[in-house]
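> Sequence and predicted structure are below.
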Amino acid sequence: MTSQDYEIVSFFIWVAVFELLERRRPAREIDRWRDLKIDVLSFMLAVTVNRISHFAISAFIASAAPAWLRGGLHGLQGLPTAARIFLAILTADFCIYWLHRAQHRFDLLWRTHAWHHSIEHLYWFSGFRTSFLHSFLYNIPQSAVPMLVFNLSPLETGIGYSLALLIQFWEHTNIDVEIGPLKYVFITPAYHRVHHSASDLCRRNFGTTFSLWDRLFGTYVNPDLVPADTPLGLGQPVEKRKIA
């Protein structure tokens, strides 16, 4: 299978899995249909930006990146495939944690992110509601880290992409789930719902894959201490915000 085959097949697998999970164990009562048109358009935009940034970074690597960088750093390219994919996800997530945190601190960056926080009903498809600049900024570490730092092949990148899709669906899905001790390493849907709260809690729980960054850098809030029916969204009509 090519990397694109992995991406397409994994997308439809995760759609089926999370649709079934949400129907069997919903965390909240939500109205999926209210914003479906917006979410479909946002998904199409996110896919388009992903392709643009991926090809742009690939072109940069081929034509402008130094030879020592294209070859990988400190022998990382010699690690087993599974180790390189895991480390690429870990490193990209660390970069995204700080980018995400900066979006909530600086007004200019917040304008790229506010549209994502307009979501009031979280479910597996809603996480694709992102602005053009938001998608582009996030795709820089998501594309550059696997290719530049870990020198992943197209096939390995495709596998990593399927895992990234799993993460995207998982963090925004509307399911009631407990993962036991793994919560000390990975985020949960409830963990990320805290971040989407229409309150100051939106400046907590920035992690998108690993919960350890919030725990290490003082931005963690235990989702068990936050009421399950806490309102989500911006807390005001999105038209009153400037969205980039």
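Sure, I can see it.

> Give the helix, strand or coil label for the residue nearest to the spatial centre of the chain.
Geometric centre of the chain, nearest residue: residue 168, 4.7 Å, by CA atoms, centre = their mean. Residue 168 falls in the helix class when you classify it by DSSP: H, G, I helix; E, B strand; the rest coil.

> what's the answer for the one 10 residues further on, then?
Per three-state DSSP, the secondary structure class of residue 178 is coil.

> ok, now how distant is it from residue 169?
18 Å (CB to CB, to the nearest Å). Bear in mind the C-beta positions are built from the backbone N, C-alpha and C, glycine included.

> for residue 205, same thing?
18 Å.

> the more surrounded of those two?
Neighbour tally, residue 205 and residue 169, criterion other CB atoms under 10 Å: the higher count belongs to residue 205, 27 against 23.

> Spit out the contact partners of that one.
Counting by CB atoms under 8 Å, 6 or more residues apart in numbering, residue 205 makes contact with 187, 191, 192, 194, 195, 211, 214, 219, 220, 221, 223.

> helices and strands around the host helix or strand of residue 97, which ones?
Secondary structure from DSSP states H and E places residue 97 in helix 81-105. Here helix 81-105 touches helix 107-113, helix 132-144, helix 154-172, helix 212-217, going by 3 or more CB pairs under 8 Å, 6 or more residues apart in numbering; DSSP states H and E.

> what's the distance between that helix and the middle of its chain?
Centroid separation for helix 81-105 versus its chain: 10 Å, with CA atoms, centre = their mean, to the nearest Å.

> list the buried ones in that helix?
Of all the residues in helix 81-105, those buried under the rule 16 or more other CB atoms under 10 Å are 84-85, 87-89, 91-94, 96-97, 99-101, 103-104.

> hmm, who's touching that helix?
Residues from elsewhere that reach helix 81-105 (CB under 8 Å, 6+ apart): 76-77, 79, 109-110, 112-113, 134, 137-138, 141-142, 145-146, 149-152, 156, 159-160, 163-164, 167, 202-203, 206-210, 213-214, 217, 219.

> which of these are buried?
Among these, the ones that count as buried by 16+ other CB under 10 Å are 76, 109-110, 112-113, 134, 137-138, 141-142, 145-146, 149-152, 156, 159-160, 163-164, 167, 202, 206-210, 213-214, 219.

> Excluding chain neighbours, what is closest to residue 54?
Nearest residue to residue 54, sequence neighbours excluded (CB to CB, 6 or more residues apart in numbering): residue 143, at 5.0 Å.

> correct me, but the one you found touches residue 55?
No - the pair residue 143 / residue 55 is not scored as a contact, 9.2 Å apart, by CB atoms under 8 Å.

> Neighbour count for the two, which is higher?
Neighbours per residue (other CB under 10 Å) separate residue 143 from residue 55, with residue 143 holding more: 22 against 11.

> what angle sits between the longest helix seen in the chain and helix 154-172?
Looking across the chain with DSSP state H, the single longest helix is helix 36-63. Angle of helix 36-63 versus helix 154-172, following axes from the mean of the first three to the mean of the last three CA atoms, to 10 degrees, is 150 degrees.

> show me what contacts residue 174?
22, 26, 27, 28, 30, 121, 122, 123, 124, 189 are the contacts of residue 174 under CB under 8 Å, 6+ apart.

> quick one: the residue nearest to it when sequence neighbours are not counted from residue 36, how far?
Closest residue in space to residue 174, ignoring its immediate chain neighbours: residue 123 at 4.3 Å, by CB to CB, 6+ apart. Using CB to CB, residue 123 is found at 10 Å from residue 36.

> Would you mind telling me which of the two has more residues around it?
Using other CB under 10 Å as the criterion, residue 123 and residue 36 rank with residue 123 on top: 24 against 12.

> is it true that the more buried one touches residue 171?
No - with contacts defined as CB under 8 Å, residue 123 does not count as touching residue 171, sitting 11.5 Å away.
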